[in-house]
Structures are given as structure tokens and as C-alpha cells.
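Engineer: fold the following.
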Amino acid sequence: MMHHKKLAVKLGLAASAFLAVNLWLTAKGASKGAADFFISPAAEETILFLLLELAVIAAGCIRPLRDAKEKAVFWLVSETLVLITVFFWGIWIVGPIWFR
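Structural biologist: Next up, the predicted model:
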């Protein structure tokens, strides 16, 4: 039973990082792309995607799960959240941001 709690905490951390990045990008979109003085939108999104991936890796590697099934569930769910974010914001919403 204790392991299920650990999996839930790790998935909660991954989901929180997913939510934070998506809320940030939604707020930026709602401000209609307010002028970025220090960084381009493509660079900002790339940095956010990398931070999201690092948060997932940290959640998975710090006090890692021992059960193989729980590890698989964690990595599949959390990496799916990362891929959804990258696809939605980096490709679908504004087109491939890295080829502009």
C-alpha cells in the first residue's frame, strides 16, 4: 500500500509541473504575445519544455519506485504529459516553433 502512495505523489508532482507550464503558456497566450524583451517565444517555450522534462526526471529519479509496473505507469503517464505539452504548444497552436 505504501508504494501506491509513493506513485501517487510522483504522478502528482509530474501533473503539477505539467499544469504549471501549461498555465504559464496559457497566460502568455491570453496576453496576446506581449513583447518579450529578453527572449524569443521559441526560446521561452523550449526552456519551459526542458524544465518540464527535468521536473519529470527529478520526480522519477529521486527515491525511485521499486516496482516495475509502477515505474512503467509513472514514466508512461508523465512522459505522455510532456509530449502533449510539446505537441500542443510547440506544434499545433503556433506551428513548429523551431522552424520559423
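Engineer: helix, strand, or coil at Pro64?
Structural biologist: When classified by DSSP: H, G, I helix; E, B strand; the rest coil, Pro64 comes out as coil.
Engineer: contacts only, for it.
Structural biologist: Residues in contact with Pro64 (C-beta atoms under 8 Å, 6 or more residues apart in numbering) are Lys71. The way it works is simple: take the backbone N, C-alpha and C, and place the C-beta from them, glycine included.
Engineer: report the separation between it and Leu19.
Structural biologist: Counting by C-beta to C-beta, to the nearest Å, the gap from Pro64 to Leu19 is 23 Å.
Engineer: let's verify Trp92: helix, strand, or coil?
Structural biologist: Following three-state DSSP, Trp92 is assigned to helix.
Engineer: what's the burial count for it?
Structural biologist: Number of residues near Trp92 (other C-beta atoms under 10 Å) recorded here: 11.
Engineer: buried sites along the longest helix along the chain?
Structural biologist: Across the chain, the longest stretch assigned as helix under DSSP state H is helix 2-30. Counting neighbours by 16 or more other C-beta atoms under 10 Å, one finds that the buried residues in helix 2-30 are 6-7, 10-11, 13-14, 17-18, 21-22, 25, 28.
Engineer: would you format these as JSON lines with distance to Leu52 and pLDDT included?
Structural biologist: Shown next, in JSON lines, are these (distance: C-beta to C-beta, whole Å; pLDDT from 0 to 100):
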{"residue": "Lys6", "distance to Leu52": "21", "pLDDT": "92"}
{"residue": "Leu7", "distance to Leu52": "19", "pLDDT": "93"}
{"residue": "Lys10", "distance to Leu52": "15", "pLDDT": "95"}
{"residue": "Leu11", "distance to Leu52": "14", "pLDDT": "95"}
{"residue": "Leu13", "distance to Leu52": "11", "pLDDT": "95"}
{"residue": "Ala14", "distance to Leu52": "9", "pLDDT": "96"}
{"residue": "Ala17", "distance to Leu52": "5", "pLDDT": "96"}
{"residue": "Phe18", "distance to Leu52": "7", "pLDDT": "96"}
{"residue": "Val21", "distance to Leu52": "5", "pLDDT": "94"}
{"residue": "Asn22", "distance to Leu52": "9", "pLDDT": "93"}
{"residue": "Leu25", "distance to Leu52": "10", "pLDDT": "87"}
{"residue": "Lys28", "distance to Leu52": "15", "pLDDT": "80"}
